[in-house]
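1. fold the following.
(one chain, ligands or ions: 2)
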Amino acid sequence: MSEELKEQRSNNFIENIIEEDLAAGFPANALRFRFPPEPNGYLHLGHASSICLNFGLGLRYNAPVNLRFDDTNPSKEEQEYVDAIRRDVEWLGFKWDKECYASDYFQELYDWAVMLIKQGKAYVDKQTSEEIAAQKGTPTTAGTDSPYRNTSPEENLALFERMKNGEFENGTYVLRAKIDMASPNMLMRDPIIYRIMNASHHRTGDKWHIYPMYDWAHGESDYLEQISHSLCTLEFLPHRELYDWFLDQVYDNSRTRPKQREFARRNLSHTIVSKRKLLQLVTENYVAGWDDPRMPTISGLRRRGYTPEAIRKFADTIGIAKRENLIDVSLLEFCVREDLNKKANRVMAVLDPVKVVITNYPEGQEEWLDAENNPEVTPMTFRKVPFSRELYIERDDFREEADKKYFRLKLGGEVRLKNAYIIKAESVVKDAQGNITEIHCTYDPESRSGSGTEASMRKVKGTLHWVSVAHAIEAEARLYDRLFTVPEPDRQEDSFLNYINPDSLKVVTAYVEPSLKTAQAGDTVQFQRLGYFSVDPDTTPEKLVFNKTVGLKDTWEKIKNE
Ligand code: ATP
Ligand code: MG
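-> Numbering: from 1, shown residues only. Ligands and ions are numbered 1, 2, ... in the order given. Modelled structure (predicted):
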């Protein structure tokens, strides 16, 4: 895999920064990266970009990459999410060096906070969050000093200790760094570094009653792990000054000093990449769970039948950028289609059946015909498909009357049945409502595919897929459409929930060829002429369940060339 990921392309701007650092003397063996998810939800396609960026750099520079859980907010974080994140990063094909947790550094972070207090660089504020916010000022006017800004270190130390020991209610006190209430950067106006939270943490239990804020924890965690380049999304650009200020307080110049650099978030059309909103879809039952195949989560895509290769290819193709833009979801579909085309065996399944009776085919006879598994793979391999007098074809593949451009089956017309014979439609049987219940056809016994006869080579315009009624297995097929009806559901005036596509899931009964009897959850096949499908974990020995991964028709080429 690493070779494939290292394929030649021009450097992105982050790689340029690293190249400059190396040229300026930074030792290559001190390069170290991290992917730092907060375990408050499942990973989504936006995270895939960050994962591919960080782990891609690790492969390129032969440098370690840590998986760091940024677990500083016990009210939203859970072990379930930690497990899901580990599984997803692994499934994408990446290996982390150390598995780290910001919560492992709670003691160091606390000790450093004590040091700041002793140096007069941090103080306990007793005001409410509203009062603190009101004193912040505006970007053009300075803030106002807190009345507690000049409390003595001794008094602050005593209060901070009591905060730690759980003597106070949530929200009563905070610890703030004493920086600059007049800084043009609002984040530098005495930011909060600790808050009281009497909550149980998924790893440290009830040991702590105070928890560090993101800015305080993140940079110091990078430093403790000796991360050389700490890559984050653009909204953290204004945080960089604070990141550097915090590092200045603890930095020992014999060690690596981490460098924060920012890249643009990835947004994808017709979906949402925000854990908070995805959580809402789950908790309010708009979808069946985090791994619902309509979700843009890694686990949803996996269940849908996406491959790690397709997701990595997608991330590599869009690359990273300095500015935000919207990526069309059809590019993702293009990537998975390309990958599955190489990997998925072709099989026959009918989703909306109508019965064909071949009147000149002997009753009770059956033949097992050769069908090629995948024309993209050499050497060729084959399986057997049963043919008999009664077959299903797609209802949509037949018209009583149609013009010359209709190459499927029509009365008086001929088509080839894939891997089998040429048939001709002779008449139809209808029910009382006028719906067609049977199409009576005749077949040309000389025309069997691959038999080498003149009739077998005869060209007819249309080829249809089919299954033998007597041999077909009934299965459930779940057909998905986009989860949202508009390209940017979270940029509307009203809630993104108002743009959920009510037809994003359609469940139908499919009739599939018997070779699929032993299919296992996770297997992927191409239902010929219909699309790629994967076997859902809901499958039981009694009932096969398929998810439609993606159709066969490419819309990306069209969009790209517009
Ligand atoms: P969310 O808003 O979905 O919760 P987040 O940024 O808060 O996302 P984290 O778990 O903190 O989620 O993110 C881990 C890493 O993934 C961070 O470095 C973050 O910048 C990156 N990341 C998250 N979303 C995207 C995205 N849409 N595009 C690129 N990188 C992303
Ligand atoms: Mg976050």
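
2. contacts and neighbour counts: CA atoms only from here.
-> OK.

3. so where is the protein shaky, pLDDT-wise?
-> Segments of the chain classed as low confidence (criterion: pLDDT under 70) are 1-8, 555-562.

4. next to ligand 1, which bits of it? Give me the list.
-> Within the chain, the positions adjacent to ligand 1 are 36-38, 46-47, 49-50, 232-233, 265-267, 273-276 by CA under 6 Å from any ligand atom.

5. closest to residue 381 among those residues?
-> Closest approach to residue 381 among those (CA to CA): residue 49, at 36.6 Å.

6. Three-state assignment for the closest one, please.
-> When classified by DSSP: H, G, I helix; E, B strand; the rest coil, residue 49 comes out as helix.

7. where's it relative to residue 327, distance?
-> Distance of residue 49 to residue 327, given as CA to CA, to the nearest Å: 12 Å.

8. which neighbours do those two have in common?
-> Listed as contacting both residue 49 and residue 327 by CA atoms under 8 Å, 6 or more residues apart in numbering are residue 266.

9. of those two, who's got more company?
-> residue 49 (20 against 15; other CA atoms under 10 Å).

10. not counting sequence-adjacent ones, nearest residue to the more buried one?
-> In this structure, residue 49 finds its nearest non-sequential neighbour in residue 315, 5.2 Å apart by CA to CA, 6 or more residues apart in numbering.

11. quick one: which helix or strand includes that neighbour?
-> If you go by DSSP states H and E, residue 315 is part of helix 308-318.

12. partners of the helix or strand that that helix is followed by, with directions?
-> Going down the chain from helix 308-318, the next helix or strand is strand 325-327, by DSSP H and E. With DSSP bridges as the test, strand 325-327 is paired with strand 266-268 (parallel).

13. ok, residues contacting the strand it pairs with?
-> With contacts defined as CA under 8 Å, 6+ apart, strand 266-268 is touched by 46, 49, 273, 324, 325, 326, 327, 328, 329.

14. check stretch 190-203 too.
-> Here stretch 190-203 has contacts from 73-75, 77-79, 103, 163-164, 166, 168-181, 206, 208-213, 215-216, using CA under 8 Å, 6+ apart.

15. let's see it at 7 Å
-> The set of residues external to stretch 190-203 that reach it, using CA atoms under 7 Å, 6 or more residues apart in numbering, is 74-75, 78-79, 163, 170-171, 173-181, 206, 209-213, 216.

16. report the backbone C-alpha coordinates of it in PDB.
-> Provided in PDB are the C-alpha atoms of stretch 190-203 (Å, rounded to 0.1, in the frame of the first residue of the first chain):
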ATOM      1  CA  ASP A 190      -6.700  36.200  29.000                       C
ATOM      2  CA  PRO A 191      -8.100  32.900  27.600                       C
ATOM      3  CA  ILE A 192      -9.600  30.300  29.900                       C
ATOM      4  CA  ILE A 193      -7.300  27.400  30.400                       C
ATOM      5  CA  TYR A 194      -9.200  25.300  33.000                       C
ATOM      6  CA  ARG A 195     -12.900  24.900  33.800                       C
ATOM      7  CA  ILE A 196     -14.600  23.000  36.500                       C
ATOM      8  CA  MET A 197     -16.500  20.000  35.300                       C
ATOM      9  CA  ASN A 198     -17.700  17.500  37.900                       C
ATOM     10  CA  ALA A 199     -18.100  14.800  35.300                       C
ATOM     11  CA  SER A 200     -16.800  11.300  35.000                       C
ATOM     12  CA  HIS A 201     -14.200  10.800  32.300                       C
ATOM     13  CA  HIS A 202     -14.100   7.700  30.100                       C
ATOM     14  CA  ARG A 203     -10.500   7.100  31.000                       C
END
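
17. quick check: buried residues in that stretch?
-> 190, 191, 192, 193, 194, 195, 196, 197, 198, 199, 201, 202 (16 or more other CA atoms under 10 Å).

18. and stretch 199-212, end to end?
-> End-to-end distance of stretch 199-212: 13 Å, with CA to CA as the criterion.

19. chain center to it, what's the gap?
-> How far stretch 199-212 lies from its chain's middle: 30 Å, per CA atoms, centre = their mean, to the nearest Å.

20. still on that earlier bit, make a ChimeraX selection of the buried ones in the contacts of strand 266-268.
-> Applying 16+ other CA under 10 Å to the contacts of strand 266-268 leaves a buried subset, and the ChimeraX line that selects it is:
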select :46,49,273,328,329
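
21. how about the contacts of strand 266-268 in JSON lines, adding distance to residue 258?
-> Converted to JSON lines, the contacts of strand 266-268 look like this (distance: CA to CA, whole Å):
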{"residue": "46", "distance to residue 258": "23"}
{"residue": "49", "distance to residue 258": "21"}
{"residue": "273", "distance to residue 258": "28"}
{"residue": "324", "distance to residue 258": "25"}
{"residue": "325", "distance to residue 258": "28"}
{"residue": "326", "distance to residue 258": "30"}
{"residue": "327", "distance to residue 258": "31"}
{"residue": "328", "distance to residue 258": "34"}
{"residue": "329", "distance to residue 258": "35"}
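
22. and the strands in the stretch 101-250 of the chain?
-> Counting by DSSP state E, counting those that start in this stretch, the stretch 101-250 of the chain has strands at residues 122-125, 174-177, 192-196, 210-212, 229-233.

23. picking that back up, and the residue nearest to residue 49, how many neighbours?
-> If you count neighbours by other CA under 10 Å, residue 315 ends up with 23.

24. and residue 545, helix, strand or coil?
-> Recorded secondary structure, residue 545: strand (three-state DSSP).

25. quick one on the thing from earlier: could you pick out the buried ones from the residues of the chain next to ligand 1?
-> 36-38, 46-47, 49-50, 232-233, 265-267, 273-275.

26. out of those, which is nearest to residue 22?
-> Nearest to residue 22, judged by CA to CA, of those is residue 232 at 20.5 Å.

27. next up, the contacts around the closest residue to that closest one other than its chain neighbours.
-> Closest residue in space to residue 232, ignoring its immediate chain neighbours: residue 262 at 4.9 Å, by CA to CA, 6+ apart. By CA under 7 Å, 6+ apart, the contact set of residue 262 is 231, 232, 233, 234, 237.

28. check whether residue 262 sits in a helix, strand or coil.
-> Secondary structure state of residue 262, per three-state DSSP, is strand.

29. what's the distance between it and residue 474?
-> To residue 474, residue 262 is 52 Å away according to CA to CA.

30. same check, this time on residue 162
-> For residue 162 relative to residue 474 (CA to CA), the value is 66 Å.

31. what do you get for residue 482?
-> From residue 482 to residue 474 the distance is 26 Å (CA to CA).

32. what's the answer for residue 158, then?
-> 72 Å.

33. okay, those two: which has more neighbours?
-> Comparing residue 158 with residue 474 by neighbour count (other CA under 10 Å), the higher total belongs to residue 474, at 20 against 12.

34. tell me if that one really is in a strand.
-> Yes. Counting by three-state DSSP, residue 474 is part of a strand.

35. what bridges to it?
-> Beta-bridge partners of residue 474, as defined by DSSP bridges: residue 511.

36. and what of residue 534?
-> Going by DSSP bridges, residue 534 forms beta bridges with residue 524, residue 547.

37. ok, back up a step: from the contacts of stretch 190-203, list the buried ones, please.
-> Buried subset of the contacts of stretch 190-203 (neighbour count, 16+ other CA under 10 Å): 74, 78, 163, 170, 173-181, 209-213, 216.

38. any chance you could map the strands in the stretch 251-400 of the chain?
-> When assigned using DSSP E, counting those that start in this stretch, the strands of the stretch 251-400 of the chain occupy the ranges 259-263, 266-268, 325-327, 345-347, 349-350, 353-358, 367-372, 382-387, 390-394, 398-399.

39. right, and ligand 1 sits closest to which residue of the stretch 301-450 of the chain?
-> Closest to ligand 1 within the stretch 301-450 of the chain is residue 320: 8.3 Å, counting by CA to the nearest ligand atom.
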